[in-house]
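*Asks:* when you get a sec, could you give me coordinates for this:
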Amino acid sequence: MAAGFRGCASRYFWSTVIPLAAIYPSLGAILVLYAACCGGFGGYSAAMLAAAGLLVALSSTNLFVSMLVALLRTDLQLLAFLAGNAARIAVGVGLVVLGFGWAGAVAGFAAMSLVILIVSAAYVARMVGISLAVDPVALREVLTAGLASWLPGVMVLAGQWLGVLAVYGSSTSVETGHYYIAVMIAGFAAAIGTSIASMLLPVLSGVEHGRGELASASLRIALALSMPVSAYIVAYPGFVLGLLGKSYREASTALSILAASAPAMVFYTAVSSLAYAGNRYHTVAGMGFAQNLPRIILYAPLASLYGGLGAAIAYTLEAYTGLAAVYVARQLELRVEPRKLLVAVAMPALLAAAARLASVPAVPALILFAASYIAYGRLRIVSRREAAELASAFIPRDRLEKLYNQLRPLVDLALPT
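*Replies:* Okay, here's the model as predicted:
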């Protein structure tokens, strides 16, 4: 890294991290103090608010992850999230299975944040060094761009954690554990697509012309990769949960509802990345609040009425309020291509419905859903050129050529010339 760029990156990064690293714990402390002084609020107990405050305090992790994106190390961003989610599964699921209920879920989220922080901070510190100086001009510039995503981001995190805690407040610890695991499984399916859409941000930011076309291609590829997995989970939630134990099948309906949110989440993430790359910060903030505020409002009442099922309904309704991004997409010149998007979503969905109506067993059905990936290429939902262009944005060309040579038969089958 050139010395000039290193110095500039260090100045902007630490001028932002130092003040905001104090803000996140302060927001968390406000929740903890409120819980201690005033008790619960709107269906959330004091313990729930205090736990949510602790997790919000750990949200400074996002600052280091954002720097990985700025450094174009989206591969390390993916590695950090994979490691973090592995920790969340090991700690959270382990403690939930052992009977710790919502406390185990909170520990899982905390473990994820800490692991992501360690992985991302280690690389960032090595690349830009460590500084305690704060440049007010740099801070103001970063805040102007960053608040558009940080404030809605805090709402996402708080809403996600309050969802688990809301279930705890109205249900048994067993149901809380089941809901927590269902959220993780559904989140994994959606993340296959949303990670592609979000990792495209630095690429879009560096493109002067053709952002809409590139974002459109990434959206279709993201849907093509994530929809067969999500549709399979919607169709066979009992089989997926049963891999962890028979008792977890009780959360099958909640898991189906949660997994159904995937296409909306992918679409929202793609439009948000395009808006951010175009410096439409107020648009990003508006989209974030419009999507995430309903989740926080609906979690407590629906969870109190229907437990984990109610929280799942709130989660999915929140995802689909983000489809207001369709209007934003038109303003940003995103080529929505309704027919291709409809096929990308509907084909696995119809396959799921047909498989269930025909009572196809879960294991043979895996082959049917895997065939969707080949069908996307054959139907030209994703072209060979688009897949190559998107892959080259994340993988060095020499490494990409080696990978292609190793997978040539499979690539030629799925993406004909």
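*Asks:* low-confidence regions, the stretch 251-400 of the chain specifically.
*Replies:* 279, 281-282, 285, 322, 324-336, 390, 393-396 (pLDDT under 70).
*Asks:* would you map the helices across it?
*Replies:* 252-259, 262-277, 281-306, 308-321, 325-331, 338-357, 362-378, 384-394, 397-414 (DSSP state H, counting those that start in this stretch).
*Asks:* what do you get for the stretch 51-200 of the chain?
*Replies:* Counting by DSSP H, counting those that start in this stretch, the helices of the stretch 51-200 of the chain are 61-70, 74-88, 94-97, 101-128, 136-170, 173-199.
*Asks:* pick out the shakiest of those, pLDDT-wise.
*Replies:* Mean pLDDT values for those show the minimum at helix 136-170, a mean of 62.
*Asks:* out of the helices of the stretch 251-400 of the chain, which one sits most buried?
*Replies:* Stretch with highest mean neighbour count among the helices of the stretch 251-400 of the chain: helix 262-277 (a mean of 26; mean count of other C-beta atoms under 10 Å). The way it works is simple: take the backbone N, C-alpha and C, and place the C-beta from them, glycine included.
*Asks:* any idea how far that helix is from the middle of the chain?
*Replies:* From the chain centre to the centre of helix 262-277 is a distance of 11 Å (C-alpha atoms, centre = their mean, to the nearest Å).
*Asks:* got it, and stretch 224-239?
*Replies:* On C-alpha atoms, centre = their mean, the centre of stretch 224-239 falls 17 Å from the chain's centre.
*Asks:* one more: stretch 342-350?
*Replies:* The chain centroid and the centroid of stretch 342-350 are separated by 21 Å under C-alpha atoms, centre = their mean.
*Asks:* same check on stretch 402-417?
*Replies:* On C-alpha atoms, centre = their mean, the centre of stretch 402-417 falls 28 Å from the chain's centre.
*Asks:* can I get it as CSV, trimmed to CA atoms?
*Replies:* C-alpha atoms of stretch 402-417 as CSV (Å, rounded to 0.1, in the frame of the first residue of the first chain):
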residue,chain,number,x,y,z
LYS,A,402,-7.2,-21.5,-12.6
LEU,A,403,-10.6,-22.0,-10.9
TYR,A,404,-12.4,-22.1,-14.2
ASN,A,405,-10.0,-24.7,-15.6
GLN,A,406,-10.7,-26.9,-12.5
LEU,A,407,-14.5,-26.5,-12.8
ARG,A,408,-14.8,-26.2,-16.6
PRO,A,409,-17.2,-29.1,-17.1
LEU,A,410,-19.6,-27.8,-14.5
VAL,A,411,-19.4,-24.2,-15.7
ASP,A,412,-20.0,-25.2,-19.3
LEU,A,413,-23.0,-27.3,-18.2
ALA,A,414,-24.6,-24.5,-16.1
LEU,A,415,-23.5,-21.5,-18.3
PRO,A,416,-23.5,-22.4,-22.0
THR,A,417,-21.8,-20.1,-24.4
